[in-house]
Each structure stands twice: as C-alpha cells, then as structure tokens.
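>>> Next input, structure requested:
(one chain, ligands or ions: 1)
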Amino acid sequence: MLKTLNAWLHRHPENMKANVEIYTWQTCPYCIRAKILLRWKGVQFTEYKIDGNGAARVKMAERANGRRSMPQIFVNNQHIGGCDDLYALDREGQLDKLLMEAQPVG
Ligand SMILES: N[C@@H](CCC(=O)N[C@@H](CS)C(=O)NCC(=O)O)C(=O)O
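Model prediction:
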C-alpha cells in the first residue's frame, strides 16, 4: 500500500543512499524548508546545528566556497548550496538522481 502510494507520488525513499549533510540554525526558515524537502525525499541526513557557533560557521564557509548563509547542504561531500539551490535541483529533476548515489568509498 505504502509502496503504491510512494510510486504514485514519485517518492523512492528506499533508494536514497547518499550521504547528506546540512548546516543549520534552529529557527532559520530556509533551513526548515530544506529539511522538509529532504524528509519528503526520505533521505537520511546529518544535521550540524551551529546556532551561535562562529567557528563552525567559518568551517562551513570554507567547505561551501565562501557561502555563509544558512543552510548549506552537501551531498556526498559535493556542495549543493542553500535551500533555493536544493529546490531548484528538484525542479530541474536532478535531485533524486543525486540522492540515490551512494558515496564512493575511499
Ligand atoms: N537563498 C538562500 C537564503 C538563505 C538565508 O537568507 N538564510 C538566512 C537565515 S534564514 C541567513 O543566512 N542570514 C544571515 C546571512 O545571510 O548572513 C537559501 O535559499 O538558502
């Protein structure tokens, strides 16, 4: 039943194998919106809650090509960008493919 419903909704949670990381502030609306999409996709993700942690934000920006806005999202260590970038990838039909790729070993 759930399988049928997921297929109908174009959801494939069982295939979401990527290593997803997201840097967040707890009350940031863009962070919440990004997590809603990741949860809808059914992918597991690691959330770094960095409210008030300036050093962690600097580290995030180093990984994120200088981007400091919240959230910043990485899939298999590849920088995706922020919430708008995540939704844009989904609109372009690119997100599921990325989320289905397991992180290469090594
Ligand atoms: N277009 C960005 C907007 C993100 C954004 O504006 N985030 C706010 C927090 S909700 C932020 O980082 N503000 C502080 C700043 O830009 O330094 C996205 O989609 O992620």
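>>> The ligand contacts on this structure?
Counting by CB under 6 Å from any ligand atom, the chain comes close to the ligand at 28, 29, 30, 68, 69, 70, 71, 82, 83, 84. (Each C-beta comes from the backbone N, C-alpha and C, glycine too.)
>>> which SSE is the third one in?
Yep, that's residue 30 we're talking about. Here residue 30 sits within helix 29-41, counting by DSSP states H and E.
>>> Could you check how far that helix is from the centre of its chain?
8 Å (CA atoms, centre = their mean, to the nearest Å).
>>> Let me see the mean pLDDT of that helix.
Across helix 29-41, pLDDT averages out at 98.
>>> cool, stretch 54-61 as well?
The model assigns stretch 54-61 a mean pLDDT of 98.
>>> Residues touching it, excluding its own?
With contact meaning CB atoms under 8 Å, 6 or more residues apart in numbering, stretch 54-61 is reached by 23, 48, 50, 67, 68, 72.
>>> Narrow these to those in strands?
23, 48, 72 (DSSP state E).
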